[in-house]
Structures are given as structure tokens and as C-alpha cells.
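1. Generate coordinates for the sequence data below:
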Amino acid sequence: MAVTEPAPPAQPVAHEGILRRQSLRESAARTYARSLPIVPVRARGLTIEGADGRRYLDCLSGAGTLALGHNHPVVLEAIKKVLSSGAPLHVLDLATPVKDAFTTELFATLPRPLADDARIQFCGPAGTDAVEAALKLVRTATGRTGLLAFTGAYHGMTAGALDASGGAADVRVTRLPFPQNYRCPFGVGGDRGAELAARWTENLLDDPKGGVPAPAGMILEPVQGEGGVIPAPDGWLRRMRELTASRSIPLIADEVQTGVGRTGAFWAVEHSGIVPDVMVLSKAIGGSLPLAVIVYRADLDVWQPGAHAGTFRGNQLAMAAGAATLAFVRENRLAERAATLGTRMLGQLQGLAATHRCIGDVRGRGLMIGVELVDPGTADPQADVPPADPVLAAAVQRECLRRGLIVELGGRHSGVVRLLPPLTLTDEQAQAVLDRFADSLEAAVRAPHRRNDTGPSL
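-> Purely as a prediction, here's the structure:
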């Protein structure tokens with residue numbers, strides 16, 4: 001489906017009826033369906049076709065799951081091969097050729113010092129399940145219970161993962177400052193802000209009156225996704241590795257969204273050169289199907305048999321699709337492609353920011369891009385930067401959808417428009433995405449009623 005290919009006539013599917021029944025039947029917790037009232041019926045690569053016959057460029061990509069876009073031929077072929085072979089689809093944690101091939105391919109991509117001495121645990125199907133496993137692992141291995149996590153973090157929706165996320169209501173972990181340039185917690189940004197954040201962490205760990213007992217582990221995202229697409233400075237990541245290693249604190253890297261080439265390296269930790277003790281992996285490793293694992297240093301593997309299990313940890317179709325995806329990304333150097341194309345897109349967006357005061361910041365790494373929208377008209381003279389403008393961000397998202405572009409919102413106040421296109425994005429498609437975004441921004445800014453427009457309620 002080319003970017004410029006016209007949409008076919010609407011299909012005889014009751015588009016509005018499906019949306020209406022969803023709103024009546026599904027829980028109030030549904031999320032994407034509220035801001036994206038579409039009914040996908042076909043998809044290929046970057047393109048989704050809705051039941052109403054409209055076509056959309058998908059820059060959500062299953063929240064970063066679809067490294068190769070929708071229904072990539074190598075993924076479909078891998079799935080068909082398993083289905084036609086007569087292989088069992090449900091195997092608990094038994095060894096199978098499909099699992100062996102997946103594990104071998106995964107280990108071939110890992111940072112070498114970890115891969116040479118790693119163990120893998122297949123978890124439940126979601127990234128949050130793998131986060132739970134990682135927290136449980138380090139607590140078992142160290143005999144300690146406390147955790148170190150960071151402001152702005154997002155690690156999933158289960159209880160332990162939420163405790164370690166930035167929005168936790170009942171705090172049971174120690175929260176540390178995550179460095180960022182635009183909204184630096186110390187008001188300085190840059191290398192100095194990252195240094196202050198590292199010094200805060202070091203002082204807290206070493207202060208006998210700091211109120212922080214020796215923790216079981218530290219968990220961090222190399223690029224905060226839901227937190228607003230905030231890349232961790234490489235130097236700061238190296239400091240976190242030094243601080244944890246010297247104090248025998250296992251370091252957990254949550255690569256659920258950043259992995260498999262997304263940030264311009266196969267794994268985002270590779271930008272800084274650090275080797276974590278535990279890596280949490282999901283989303284793209286399943287090739288669009290549910291799969292989640294942790295890989296970790298062998299000396300942490302002190303679990304007893306059955307200490308961590310799950311009925312659906314043996315997803316054969318996901319392992320086959322995942323192995324095909326990992327191999328395709330590696331063989332076709334898609335991480336390098338993401339780095340090149342991402343730099344180009346960031347440059348164009350920064351050019352757009354130069355003529356639009358409502359764009360406070362453009363940031364990201366590879367094809368993990370965020371545009372923070374702000375309201376310069378209500379800026380506090382005492383503040384370093386204007387406040388986020390979630391109303392404008394929501395208006396931009398709606399205008400994007402009207403122009404056939406699917407984007408997501410994130411950040412502390414949902415004021416960041418996020419772009420997560422597939423790594424197979426072509427130059428033509430990238431330009432189409434940027435053009436549609438620019439047009440949508442202009443329309444949203446011009447709309448006099450946008451601050452009272454709450455959007456679709458479905």
C-alpha cells in the first residue's frame with residue numbers, strides 16, 4: 001500500500017455500529033480506542049485500512065511493537081511455517097526447535113558480555129510480566145527488597161511495575177531524578193543537570209541517614225517513552241552503571257519499547273556502552289505477537305524450579321515471528337537505518353519548531369521521537385519553560401487522524417506528540433508523516449474553538 005495509493009470504496013462493515021458496541025461493552029479503562037475511533041480491517045507496513053475505507057499512516061506501531069510494520073512478509077511466512085508443520089502451539093516451558101531458534105537469534109543480538117554468560121526466563125505475554133519477573137529475580141538473588149526507580153518512569157500496569165513507575169500513588173520504592181534538558185529538575189539541563197542527578201543518587205545511596213537501605217536493584221529506561229520520549233544521557237547511564245556495580249546493586253534495563261533497533265542501536269543501552277545485569281524485553285521481540293522475556297547474568301539465577309512460571313510463556317507463534325523479526329532487523333541493518341532517518345526527521349521537526357512557539361522541544365533517538373507542545377501565552381515569568389499544553393496536543397492528534405496519520409500522546413501532562421513509525425519506513429513515507437503532522441499542527445493552532453473541543457468520547 002503506497003503512501004499515495006487512493007483508498008478503495010468503503011467496505012460493507014458497520015463501522016459506526018462496531019464503535020458503538022465497543023463503547024457499550026468494553027470497560028472504562030480502554031485507552032487508544034477513545035482518541036483513535038477507527039476500526040482496522042487490513043494493514044501492511046505503515047498503512048492501516050479502516051472499515052470505513054479510509055487509509056492511515058500508523059506512527060503508533062502497536063506502541064512500538066511492530067518493528068517491521070504490519071504483516072511483514074517474513075513474519076507472516078514464519079507464522080505460516082509453524083502452522084503448517086503440525087508443531088504444538090502450546091508447550092508451557094518445554095524445549096522446542098522454535099524456541100531454540102528464537103533464543104539463539106536473540107542471544108546473537110545481545111551485548112556480548114551479557115550474552116556470553118546469560119540466562120533467559122520466558123515470562124507471561126506482556127512487558128509488565130517481564131518487569132515483575134525482573135524485580136522478583138533481583139530480590140531473590142540479593143535477599144533485599146528495596147528498589148530504585150526514576151521520576152517519569154513507566155514499567156507496566158501490574159502492581160510491582162506500577163510501584164516502580166512515575167505515577168505510583170503508594171510509594172514503595174525510592175524515586176530518583178531522571179535527567180532531562182528541557183524540564184531539568186535542577187533547572188540547569190545539559191551535562192550539568194545530568195551530573196547533579198547522578199550526584200543526588202550517589203549521595204542518597206552512601207548517606208547512612210538517607211533512609212534508603214541497600215536496595216535489591218535499580219530499574220531504568222534508556223529512553224523514557226510514556227514519560228515523554230526523554231533519552232537518558234550516555235554519560236549519566238555510565239555513572240548509574242558504575243554506582244550500581246560498585247555497590248553490588250543489580251541494574252535492570254527496561255528495553256520493552258526501546259529494543260530491536262528502535263533507537264538507532266539494536267538495544268538502547270549500546271549507545272552508552274553499558275552492560276546491565278538484567279534486560280527486560282517484550283513488544284518487538286515477538287514480531288507483533290505477545291512475548292516477553294528477561295535475560296540476566298548467570299550468577300543471579302538462584303531461583304528454585306517453579307519459582308517463577310506462567311501458562312502462556314511458550315508462545316510458539318510469537319517465538320517464530322520474533323526470530324524472523326530479529327534476524328531481519330539485524331541482517332538489513334535497520335537499526336542504522338533508524339538512526340539515519342530519525343536524525344533527518346528530528347532535524348525537520350526542529351526546523352518546524354523554529355517557526356512555531358507552541359513547540360517547546362523536539363527530542364528522541366532513532367525512530368522514537370517526541371514533540372512537546374506548550375502554551376507560551378500562559379508562561380510563568382519565574383519558570384524556565386512554558387507549561388505543557390495537553391489541549392493543543394489532543395487537538396493535533398485529532399487533526400492528524402483527520403489527515404490519515406495515527407500518533408500517540410505521552411509525557412507528564414500528555415503534552416508530547418509521539419512518533420513510533422516502523423523501522424521499514426521509507427523516505428517517501430517519512431516525508432508524508434512530517435507533512436501531515438505539520439498541516440495538523442497548523443490546523444490545531446488556528447482552530448479558535450480547540451480549547452473547548454474535548455474530542456470523540458468513544
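2. Quick one: the helices in the stretch 101-250 of the chain, in order.
-> 112-115, 127-142, 159-163, 190-206, 234-246 (DSSP state H, counting those that start in this stretch).
3. Do you have the strands of the stretch 151-300 of the chain handy? List them.
-> With DSSP state E, counting those that start in this stretch, the ranges of strands along the stretch 151-300 of the chain come out as 174-176, 217-220, 223-224, 230-231, 251-254, 278-281, 293-297.
4. By mean pLDDT, show me the worst of those strands.
-> Ranked by mean pLDDT, the strands of the stretch 151-300 of the chain end with strand 174-176 at the bottom, a mean of 89.
5. Determine how far the last residue of stretch 277-290 lies from the first.
-> 24 Å (C-alpha to C-alpha, to the nearest Å).
6. any idea which of the helices of the stretch 101-250 of the chain is most buried?
-> helix 127-142 (a mean of 24; mean count of other C-beta atoms under 10 Å). The way it works is simple: take the backbone N, C-alpha and C, and place the C-beta from them, glycine included.
7. what packs against that helix?
-> Contact here means 3 or more C-beta pairs under 8 Å, 6 or more residues apart in numbering; DSSP states H and E; on that basis helix 127-142 packs against helix 159-163, strand 217-220, strand 251-254, strand 278-281, strand 293-297.
8. Partner strands of the last one and their direction?
-> Sheet pairing here is set by DSSP bridges, and for strand 293-297 it gives strand 118-122 (antiparallel), strand 278-281 (antiparallel).
9. Return the distance of that strand from the chain's centre.
-> 18 Å (C-alpha atoms, centre = their mean, to the nearest Å).
10. ok, and what's touching that strand?
-> Here strand 293-297 makes contact (C-beta atoms under 8 Å, 6 or more residues apart in numbering) with 106-107, 110, 114-115, 117-123, 130, 133-134, 137, 250, 277-282, 285.
11. what's the weakest-modelled helix or strand in this structure?
-> helix 159-163 (a mean of 76; mean pLDDT, DSSP states H and E).
12. can you give me how far that one is from the chain middle?
-> How far helix 159-163 lies from its chain's middle: 17 Å, per C-alpha atoms, centre = their mean.
13. Extract the C-alpha trace of it and format it as PDB.
-> This file holds the C-alpha atoms of helix 159-163, laid out as PDB (Å, rounded to 0.1, in the frame of the first residue of the first chain):
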ATOM      1  CA  ALA A 159       1.200  -3.900  40.900                       C
ATOM      2  CA  GLY A 160       5.000  -4.200  41.100                       C
ATOM      3  CA  ALA A 161       5.600  -2.400  37.800                       C
ATOM      4  CA  LEU A 162       3.300   0.400  38.800                       C
ATOM      5  CA  ASP A 163       5.200   0.800  42.100                       C
END
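14. just checking, what packs against it?
-> With 3+ C-beta pairs under 8 Å, 6+ apart as the test, helix 159-163 has helix 127-142 packed against it.
15. Kindly provide the whole-number mean pLDDT of the helix it packs on.
-> 94.
16. tilt between it and strand 118-122?
-> 130 degrees (axes from the mean of the first three to the mean of the last three C-alpha atoms, to 10 degrees).
17. Show me the contact partners of helix 127-142.
-> Contacts for helix 127-142 (C-beta under 8 Å, 6+ apart): 121, 123-124, 145, 147, 155-158, 160-161, 164, 216-217, 219, 248-250, 252, 254, 256-257, 277-278, 280-283, 292-294, 296, 299-303, 307-308, 310.
18. what sits against the spatially closest residue to Gly189 that is not a sequence neighbour?
-> Distances taken as C-beta to C-beta, 6 or more residues apart in numbering put Asn181 closest to Gly189, at 4.2 Å, once the chain neighbours are dropped. Counting by C-beta under 8 Å, 6+ apart, Asn181 touches Gly189, Gly190, Gly193, Asp361, Arg363.
19. and the last one, bridged to which residues?
-> Right, Arg363. Going by DSSP bridges, Arg363 forms beta bridges with Gly370.
20. mind listing the strands for the stretch 351-458 of the chain?
-> With DSSP E, counting those that start in this stretch as the definition, the stretch 351-458 of the chain shows strands at residue ranges 359-365, 368-373, 405-406, 408-410, 416-419.
21. and the last one, what other elements does it pack with?
-> Think strand 416-419. Packing partners of strand 416-419 (3+ C-beta pairs under 8 Å, 6+ apart): strand 368-373, helix 390-402, strand 408-410, helix 427-446.
22. now that strand: mean pLDDT?
-> Taken as a whole, strand 416-419 carries a mean pLDDT of 98.
23. And the longest one, by the same measure?
-> Mean pLDDT, computed over strand 359-365, is 97.
24. same check, this time on the third one
-> Strand 405-406 shows a mean pLDDT of 98.
25. what's next to that strand, contact-wise?
-> By C-beta under 8 Å, 6+ apart, the residues outside strand 405-406 that reach it are 36, 38, 48, 56-60, 400, 433, 436-437, 440.
26. Repeat the analysis, applying 7 Å as the threshold.
-> With contacts defined as C-beta atoms under 7 Å, 6 or more residues apart in numbering, strand 405-406 is touched by Leu36, Tyr56, Leu57, Asp58, Cys59, Leu60, Val433, Arg436, Phe437, Ser440.
27. do the first one as well
-> Strand 359-365 has contacts (C-beta under 7 Å, 6+ apart) with 182, 223, 229-231, 263-264, 342, 346, 349-350, 352-353, 370-374, 385-386.
28. Now, of those residues, which are buried?
-> Neighbour-count burial (16 or more other C-beta atoms under 10 Å) is assigned, among these, to 182, 223, 229-231, 263-264, 342, 346, 349, 352-353, 370-374, 385-386.
29. thinking again about what came up before, so for Arg446, which of the strands of the stretch 151-300 of the chain sits nearest?
-> Comparison of the strands of the stretch 151-300 of the chain against Arg446 by C-beta to C-beta identifies strand 230-231 as nearest, at 29.4 Å.
30. In terms of secondary structure, what does the closest one contact?
-> strand 223-224, strand 359-365 (3 or more C-beta pairs under 7 Å, 6 or more residues apart in numbering; DSSP states H and E).
31. Would you check how far apart the nearest residue to Thr158 once chain neighbours are set aside and Leu162 are?
-> Closest residue to Thr158 apart from its sequence neighbours, by C-beta to C-beta, 6+ apart: Thr128 at 4.6 Å. Per C-beta to C-beta, to the nearest Å, Thr128 is found 9 Å from Leu162.
32. Repeat that for Val417.
-> Per C-beta to C-beta, Val417 is found 25 Å from Leu162.
33. what does Gly45 give?
-> On the measure of C-beta to C-beta, Gly45 and Leu162 end up 34 Å apart.
34. Excluding its own residues, what touches the strand or helix carrying Met345? List them.
-> Assigned by DSSP states H and E, Met345 belongs to helix 334-353. Helix 334-353 has contacts (C-beta under 7 Å, 6+ apart) with 261-262, 264-266, 329, 359, 362, 364-367, 369, 371, 423, 425, 430, 434, 438.
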